[in-house]
Each structure stands twice: as C-alpha cells, then as structure tokens.
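Colleague: Model the structure of this input:
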Amino acid sequence: MIVRLMGEGQFDVDDEVAKGLNDLDEQAAQAVEAGDEERLSELLRRMTEAVRMNGARIPDEHLDPSDTIIPPDDLSLEEARRLFEDEGLIPDLPRA
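Modeller: Numbering: from 1, shown residues only. As a prediction, the model looks like this:
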C-alpha cells in the first residue's frame, strides 16, 4: 500500500503495517466521534510514526497515486470530521 504523509512524501508499507494503520484509523474515527481532539492527535502521531519506521520512502520523482493519506497530527476535529465522513482515512482491506 502506498501511504502519503502530508508534507513528507510517500511510503510503501506492507500488509501487516497496513492492518495496524487500519486499526489506528478505526480508533481515530472513534476519537472524532467522541470529540476527543487530544486522542485524535495521538493516534495520527502513531500512524505517522508507524509509516516512517516501517515503510520504504518512495522517491519524490515517482508520481504513483497514494492509496491513503495521513494528515498531520495538528488536524482539527472539524477537519477530521470531513475526512472521516465516508470510511475513514484508510480504505478497508480486502478480507482473506
């Protein structure tokens, strides 16, 4: 899966990392629903760190589309509500 970290670039992550991101995404959606901006920021930081630590940076000259975009951890609740209107930041992974 190709993940874009807003302001940093794209990273290629494997399926295990993608599953972890999906779990964090679900928790972030719950934080948005609960109006918990502090928890949302923490989860976005964890998502970003997981991608940085476990993903392979894709050179900037490659223009492949991103499968998902992780916003910065200073995202406001209002902005997050707009992003989470559909299915969250991370598309659901196909069931095996």
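Colleague: Could you tell me how many residues sit around Gly55?
Modeller: When neighbours are counted by other Cβ atoms under 10 Å, Gly55 registers 20. Heads up, the C-betas are built off the backbone N, CA and C, glycines and all.
Colleague: Check the spacing between it and Glu42 real quick.
Modeller: Using Cβ to Cβ, to the nearest Å, one obtains 20 Å as the distance from Gly55 to Glu42.
Colleague: got it, and Leu5?
Modeller: As judged by Cβ to Cβ, Leu5 and Glu42 stand 16 Å apart.
Colleague: Low-confidence ranges, this protein, go.
Modeller: 84-96 (pLDDT under 70).
Colleague: for it, longest helix please?
Modeller: helix 15-34 (DSSP state H).
Colleague: now for that helix, which elements pack on it?
Modeller: Applying 3 or more Cβ pairs under 8 Å, 6 or more residues apart in numbering; DSSP states H and E, we find helix 15-34 packed against helix 37-54, helix 77-83.
Colleague: Spell out for me which residue occupies the centre of the chain.
Modeller: Centroid-nearest residue in the chain, with Cα atoms, centre = their mean: Ile70, separated by 3.5 Å.
Colleague: From Ala18, how far out is it?
Modeller: 12 Å.
Colleague: got it, and Gln27?
Modeller: In terms of Cβ to Cβ, Gln27 sits 15 Å off from Ala18.
Colleague: now do Met47
Modeller: According to Cβ to Cβ, Met47 and Ala18 sit 11 Å apart.
Colleague: Who has more neighbours out of the two?
Modeller: Neighbours were tallied for Met47 and for Ala18 using other Cβ under 10 Å; the higher tally belongs to Met47 (26 against 21).
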